[in-house]
Structure formats: C-alpha cells, structure tokens
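In: I would like the atomic coordinates for the input below:
(2 chains)
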Protein chains: 2
Amino acid sequence: MDPFSLRLARATTERGPLCVGLDPAPATLASWGLSDTIEGLRTFSERCVAAAMETVACIKPQVAFFERFGSQGFAVLEETIHTARAAGLLVIADAKRSDISTTAAAYGAAWFGETSPLFADAMTVTPYLGLHALSPIFDQAKAAHSGVFVVVSSSNPEGRALQQAQLGSSTVEDSLYREIGELNAAAGDVLLGAVLGATRPFDHGPVTQMAGPLLIPGLGAQGATPHDVGERFRGLGNTLVVAASRAWTDAGPHVRGLVGRATELQQALRTALS
Amino acid sequence: MDPFSLRLARATTERGPLCVGLDPAPATLASWGLSDTIEGLRTFSERCVAAAMETVACIKPQVAFFERFGSQGFAVLEETIHTARAAGLLVIADAKRSDISTTAAAYGAAWFGETSPLFADAMTVTPYLGLHALSPIFDQAKAAHSGVFVVVSSSNPEGRALQQAQLGSSTVEDSLYREIGELNAAAGDVLLGAVLGATRPFDHGPVTQMAGPLLIPGLGAQGATPHDVGERFRGLGNTLVVAASRAWTDAGPHVRGLVGRATELQQALRTALS
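Out: Numbers count the residues shown, from 1 in each chain, chains lettered A, B, ... in the order given. The predicted model follows:
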C-alpha cells in the first residue's frame, strides 16, 4: 500500500479537497428525524457513508459522538470505518488522542494496529505532552502506511493564548510546524500533517516547510466560506483537506441531499482554491 | 451524592493517597501469563479490581489499553468501571480527552452522562485547545458530581518546553493552575484538579491557589519513590492522589500479591507524606 500522504494527494486531486465530517450530535440526529440511540447513530452513519462514497476523497468521523454510546457506539464506528474503507474512502479518525510511552503505543495499536477493528487511514492527535512523546503513535502510523494530523492551530478562540505562547524566539504553534517538518524529513516520508483552523491567521513559512497535509476545519459552522478558504490557503504547496460537518449534514436526512450538498461544496472549494 | 472532591478527600483520608493504575499493556499481560486478548484483558481487570477494593480509595484505568481492542475492549472497561464503583471504589478514567463545542459535550456525555455505560467519578483531559474550550466537559462533570483532572505538568521530558512556554508574565502551566483556581472559585465547588508528574519541579503558589486535587503519576516506573513524593508534596493543602501502575501490577498475577504491594505502597506514602 502507498503511504497515506500519497493516497491522500491522489484522492483529493481526483475528487477534490472536501472531507465530510460525521458528527452525530443529539441535535443533528433529531434534525434528521432519528432517535438519539444506537439505531439512530447507525442509520446516520450508513447514510453519510453512502453519500460520501459518491462524492468525496475522505470522511472524518468524530470519535466523541460514538464514544458517548460506549462499547456499542464503538461497534457502530467499526462498521462505519469498515464500510467506508471497503468503498475506497480514506478515513480520518478525529480522536484527538494524546499520551506518552506505552500508553501512546496503545493508542497507536487502537487506530493503526494491523488487526484492529478501528484501523484508520489517519487520526488526529493533540500535542500538549510534547510532539516527540507521541512518537510511538507515529511509528505505528508509518508501519501501517497511515498518517497523523497534529492539532497545531485550532479554530476556536480559547486555544489562541496557549498556541501562540512564546517558545524561544518562536511561538508554540510555529515550533510545532517546524518540528513536524523535521520529523517528516527524518522519516523520509510525509507521515505527519497538521490541523489548522479555516479562520486562523498563520505564517506561511513554517506551514510550507512542514511539507505535510493540512486538515482544515471550520467550513460552515465556524463561519468560513469556500471563498475564505481559497483566499487563505490558495497557492500553498501542502495537500489540503477541508472538513465540513454540520455544513454538510444540514443537507440530510436523505442520501440524495447529502450527495448534492457535497457536490456543491466540492465545486465551490475547487473554484476558490484554483 | 457528594461532589467528587469531597468523596475523594474522604476516601483518601480513610484509605490513603494511593491510586492504582490499570495499564494492561501487552508486556504486562504476558508477565502475568495472560494472553494479549480480550480474555486476558478481562482477567487482568477483574484481579486488579478485586485487589483494589481491599486496599485503595481509587483506581485509574488507562483507557488506551482497552481502546486497542475496539468495542470489545470498551465492553471490558464498562464491566471494570461498574464492578469497581459498585464496590465503593472511585474510578478516574485516564482518557486524556480533548475537544471543543458539541464534541467536548459528547466526551462529557461519554464519561459523565447519567446513563452512560462508561460513567466515571473523574476523567483526565489535556488543555492544548484552551482550558475554557473544555467547559462543556466541566459542566457535565458538575451535573454528575464528578471531577476532572487537567494535565498541566506531565512527568515526561518531551512536554517540558511547551508546558513552560512564556504566556504573558507567566508560563503555560502556571497560567493553567491559576485558570483552574478561577474556575473552581466560580463553580463554588472544587470541580477541577490537575495532573502533576511526581518528578516535576513546581511553583507552590499557583498549585495551592488552584485548591483542587492533584493526580500524581510517576511512582515507580518513572523513577519516583514514596520518599520523593513526600519530599515534594508534603504540606500542600491539596488533596493528593498518587498513581502507581507497573509498580503495582509487577506484584501480580495473584490478587494476594497485589493486595500486599498496595498495602506496602499505601503505608510508605502515608509515612512519607505525614
């Protein structure tokens, strides 16, 4: 299997940068006329995958919304990942996991273990414990030909102070982009990408040098339009993955509506970014 | 039900500060003569809980080691939490979760939802997205009379640079201790505590003002002795919870051995902290 970064670049070139988010929140299930139960969760996920496979390169299930149903929710997530991957979709597990040592290795095993029922093409992680503490996760991603998106510049305002705290002559976030670039260079492969909120100002230098894909949340619900994304991200060398969750699932509950909305967003993003 | 902080203070006064960690890593299961399967995981967890209920105030299952088995692993975690709580143990889910908005609320529902199969007395979270972004988790903890431990000063060296980055006239970690103190004061309750590695130097002022309990990892495996913990943490006003994982499960595979080791560690900690 080719490395994740190659598969992602190929798939987004072919289908476009849109990544649809599966965020089965109680309010979203209700707006589809579904119950906030394991059955509602399953129906929601099945329709999302059915629509995604016609229109996009990748899907991003938000793990928290499955986790709230405990083991039964994880069973639905397993089915969802399996069906999506079997249909050729790339699956980015939005898990924002984080730990050190053998515990980090256990998260690596959960999401990138050869026989794990949760095996994904990529996952998101957060770096409060230090980027290098996550290396057991990175090692297992590499072995699995999967990738990791490190949350660096989040879309929400509450994270700004910490993410822009002063670290030597730089900031926490710019130091992270540089460290990711160094790890990618050392791996001889583009193993790591970053999460960068659609509305966040950023310094192009460190992001370009990172050489990894960008996962860009904030389209729709958090106020960014495809035009905004184009203005901010056009011309960067990085592979771009633009996530839409509520801005997409608002077009439910029918698969036809979801296909239509994804097609619209895909075209608007392609135009804005070209 | 009394708030978590009261229940924790009462239970640790009665039984001592030791919190035993359930870290069913492949190597640990092997050292107990157990297979690295769902059956091995279940046997390990059952023996840990059986020993813990005789000797300690609280247990800390490390979620990653259950997550690596997907939904089946979560089912074992559910049984483990249920058995432990039914026996009067406090359960701190070491999940290190982190997200914003409705997703943070979903993690709150997963671990503190009234009917959630994963319902815990407390969980750990990481603050890279900003402490206030986690408020939907805090709100649900409060409603459930549960608590949250925020990872502030981790025991591993890789996190030091970020955690000590300059934030205004302070550091990231000292700012977090202060923000936690403010949130505790505003809640009119000690809702939040912090994770502070056993070997980490720290400034007493912000930690004391936080007024929340401290979860202290690093005993044994990461090099700290009960004596070291005593030297560093004696005389702080905070409720102390000292976690031992491998330093405890090394005394397995038999329940009697685990009870003996926990009793030894408990006594050594009481002496060192008095």
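
In: Do a quick rundown of the strands in the stretch 51-200 of chain A.
Out: A:58-61, A:90-97, A:122-125, A:147-153, A:166-167, A:170-171, A:192-196 (DSSP state E, counting those that start in this stretch).

In: hmm, the third one in reach of chain B?
Out: No. Strand A:122-125 stays out of contact with chain B when judged by CB under 8 Å from any CB of the partner chain, the minimum separation being 9.5 Å. In short, each C-beta sits where N, CA and C put it, glycine included.

In: Within its sheet, name the partner strands of that strand and how each one runs.
Out: Here strand A:122-125 is paired, per DSSP bridges, with strand A:90-97 (parallel), strand A:147-153 (parallel).

In: do the same with the first one
Out: Its sheet considered, strand A:58-61 pairs with strand A:18-22 (parallel), strand A:90-97 (parallel) by DSSP bridges.

In: a markdown table please, covering those and showing mean neighbour count and mean pLDDT.
Out: Conversion of those to a markdown table gives the following (neighbours: other CB atoms under 10 Å in any protein chain shown; pLDDT from 0 to 100):
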| stretch | mean neighbour count | mean pLDDT |
| --- | --- | --- |
| strand A:18-22 | 27 | 98 |
| strand A:90-97 | 26 | 98 |
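
In: Can you redo those as a markdown table, where the extra columns are distance to residue B:56?
Out: Converted to a markdown table, the strands paired with strand A:58-61 look like this (distance: least, CB to CB, whole Å):
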| stretch | distance to residue B:56 |
| --- | --- |
| strand A:18-22 | 40 |
| strand A:90-97 | 27 |
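
In: do you know which of these lies nearest residue A:199?
Out: For these, the distance to residue A:199 is smallest for strand A:18-22, at 16.3 Å, taking CB to CB.

In: Could I have the CA atoms of the closest one written out in CSV?
Out: C-alpha atoms of strand A:18-22 as CSV (Å, rounded to 0.1, in the frame of the first residue of the first chain):
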residue,chain,number,x,y,z
LEU,A,18,-13.7,18.2,0.7
CYS,A,19,-13.6,15.9,3.6
VAL,A,20,-17.1,15.3,5.1
GLY,A,21,-17.3,15.1,8.9
LEU,A,22,-19.6,12.6,10.7
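
In: Please pull up the helix or strand immediately following it.
Out: Using DSSP states H and E, the next helix or strand after strand A:18-22 towards the C-terminus is helix A:26-31.

In: Reformat the strands of the stretch 51-200 of chain A as JSON lines; add distance to residue B:79.
Out: Below are these laid out as JSON lines (distance: least, CB to CB, whole Å):
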{"stretch": "strand A:58-61", "distance to residue B:79": "25"}
{"stretch": "strand A:90-97", "distance to residue B:79": "23"}
{"stretch": "strand A:122-125", "distance to residue B:79": "26"}
{"stretch": "strand A:147-153", "distance to residue B:79": "31"}
{"stretch": "strand A:166-167", "distance to residue B:79": "43"}
{"stretch": "strand A:170-171", "distance to residue B:79": "45"}
{"stretch": "strand A:192-196", "distance to residue B:79": "34"}
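
In: what bits of the stretch 101-250 of chain A have low per-residue confidence?
Out: A:222 (pLDDT under 70).

In: So which bits of it are right by chain B?
Out: Within reach of chain B by CB under 8 Å from any CB, the stretch 101-250 of chain A has these residues: A:101-107, A:109-110, A:113, A:116-118, A:126-133, A:151, A:154-163, A:165-167, A:172, A:175.

In: If we use 6 Å, what do you get?
Out: A:102-103, A:106-107, A:109-110, A:117-118, A:126, A:128-130, A:132-133, A:154, A:156, A:158-159, A:162, A:165-167, A:172 (CB under 6 Å from any CB of the partner chain).

In: can you tell me which of the residues you listed are in helices?
Out: A:102, A:103, A:106, A:107, A:109, A:110, A:162, A:172 (DSSP state H).

In: buried subset of the residues you listed?
Out: Among these, those classed as buried by 16 or more other CB atoms under 10 Å in any protein chain shown are A:102, A:103, A:106, A:107, A:109, A:110, A:162, A:172.

In: Give me the nearest residue to residue A:265, chain neighbours excluded.
Out: Excluding the flanking residues, the one nearest residue A:265 by CB to CB, 6 or more residues apart in numbering or on different chains is residue A:18, at 5.3 Å.

In: State the distance from that neighbour to residue A:177.
Out: 24 Å (CB to CB, to the nearest Å).

In: Please tell me how far stretch A:235-242 is from the chain's geometric centre.
Out: 13 Å (CA atoms, centre = their mean, to the nearest Å).

In: buried sites along that stretch?
Out: Those would be A:238, A:239, A:240, A:241, A:242, for stretch A:235-242 by 16+ other CB under 10 Å.

In: repeat for stretch A:32-43
Out: Those would be A:32, A:34, A:36, A:40, A:41, A:42, A:43, for stretch A:32-43 by 16+ other CB under 10 Å.

In: ok, the first one - contacts?
Out: It stands for residue A:32. A:252, A:253 (CB atoms under 6 Å, 6 or more residues apart in numbering or on different chains).

In: Same check on the second one?
Out: In this structure, residue A:34 makes contact with A:40, A:43, A:44, judged by CB under 6 Å, 6+ apart.

In: next one: the fifth one
Out: For residue A:41, the contacting residues are A:24, A:76, taking CB under 6 Å, 6+ apart as the criterion.

In: Could you measure from it over to chain B?
Out: Separation of residue A:41 from chain B (CB to the nearest CB, to the nearest Å): 11 Å.

In: tell me the angle of the helix or strand hosting that residue relative to strand A:18-22?
Out: In the assignment (DSSP H and E), residue A:41 maps to helix A:38-55. Counting by axes from the mean of the first three to the mean of the last three CA atoms, to 10 degrees, helix A:38-55 points 170 degrees away from the direction of strand A:18-22.

In: how deep is the residue of the stretch 1-150 of chain A found nearest chain B tucked in, by neighbour count?
Out: Using CB to the nearest CB, the closest approach of the stretch 1-150 of chain A to chain B is made by residue A:130 at 3.1 Å. With neighbours defined by other CB atoms under 10 Å in any protein chain shown, the count for residue A:130 comes to 21.

In: Let's see which of the buried residues of stretch A:235-242 end up in strands.
Out: A:240, A:241, A:242 (DSSP state E).

In: in stretch A:176-189, what's buried?
Out: Neighbour-count burial for stretch A:176-189 [16+ other CB under 10 Å]: A:176, A:177, A:178, A:179, A:180, A:181, A:183, A:184, A:189.

In: May I see these arranged in a markdown table, with distance to residue A:49 as well?
Out: Listed next are those as a markdown table, based on distance: CB to CB, whole Å:
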| residue | distance to residue A:49 |
| --- | --- |
| A:176 | 32 |
| A:177 | 32 |
| A:178 | 37 |
| A:179 | 35 |
| A:180 | 30 |
| A:181 | 34 |
| A:183 | 32 |
| A:184 | 30 |
| A:189 | 29 |
